[in-house]
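>>> only geometry, no sequence info:
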């Protein structure tokens, strides 16, 4: 299976691009935009089927969109003037992963805790509790261990919460989306290359349709 990484540099003269990358509900619009780049009628699990994950990055040159997928997106489906785009296969990177290699990582994830029914009743908690600070860091360390990584450095930064209506019409317009987000950066040693490849393609945690869970890695500069 080939994985693809596509970088989109939105042209801020495009009203579509501005709408898709602005506001706390921008990730919801961007999800719909990016899914439009894949075959229609793929069923209710289309995102999972095409392995679609994405993240927006604030760069000195403006917002960039990183899109990862297991099928090459049809970039001709973007509106005219939407931005500059480039796709490349991730296979050379995935094939080069080996145990002991030090990598840099970045992941914007929705760190949460799901308390049991007894705990929820006792403390009047919701079914899903967003985590922040040290609790979010501990969550990430557990995720990293399950991903085949041993973190060596960790820097975390809370980001705006994604929230808004899931759709514009029908039942989706009545459904609310809400995902607290934290960006995790650092370096790590690979402990299980196969598990790492699987999690890179699968994504990490909740909120994958809305800009969470894309794990990016690159060999650290001093890696041997």
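Done, it's in. The structure displayed is predicted, hence computed values, not measured ones. Residues are numbered from 1 along each chain as shown.
>>> okay, and for this protein, where does confidence drop off?
222-224 (pLDDT under 70).
>>> try it again with 50
Residue ranges of the chain with pLDDT under 50: 224.
>>> Longest helix in it, please.
Ranked by residue count and defined by DSSP state H, the top helix of the chain is helix 133-147.
>>> Check what contacts that one and list those residues.
Identification of contacts with helix 133-147 by CB atoms under 8 Å, 6 or more residues apart in numbering yields 105, 107, 109, 111-113, 131, 150-151, 154, 156, 158, 182, 184, 188, 195-196, 199, 204-205, 215. Every residue, glycine included, has its C-beta placed from N, CA and C.
>>> Taking those, please make a PyMOL selection of just the buried ones.
The following PyMOL line selects those of the contacts of helix 133-147 that are buried, judged by 16 or more other CB atoms under 10 Å:
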select buried, resi 105+107+109+111+112+131+151+156+182+184+188+196+199+204+205+215
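>>> Show the subsequent helix or strand relative to the longest strand seen in the chain.
Longest strand of the chain, by residue count under DSSP state E: strand 149-165. Where DSSP states H and E defines the elements, the next helix or strand beyond strand 149-165 is strand 176-190.
>>> Direction included, what does that next one pair against?
Paired strands of strand 176-190, with direction, are strand 102-109 (antiparallel), strand 149-165 (antiparallel) (DSSP bridges).
>>> chain center to the first one: distance?
Relative to the centre of its chain, strand 102-109 is centred 11 Å away, using CA atoms, centre = their mean, to the nearest Å.
>>> got it, and the last one?
Using CA atoms, centre = their mean, the distance from the centre of strand 149-165 to the centre of the chain it belongs to is 10 Å.
>>> and the angle for it with helix 133-147?
Going by axes from the mean of the first three to the mean of the last three CA atoms, to 10 degrees, strand 149-165 is angled at 120 degrees with respect to helix 133-147.
>>> ok, and for strand 149-165, which residues are buried?
Those buried within strand 149-165 under the rule 16+ other CB under 10 Å are 149, 151, 156, 162, 163, 164.
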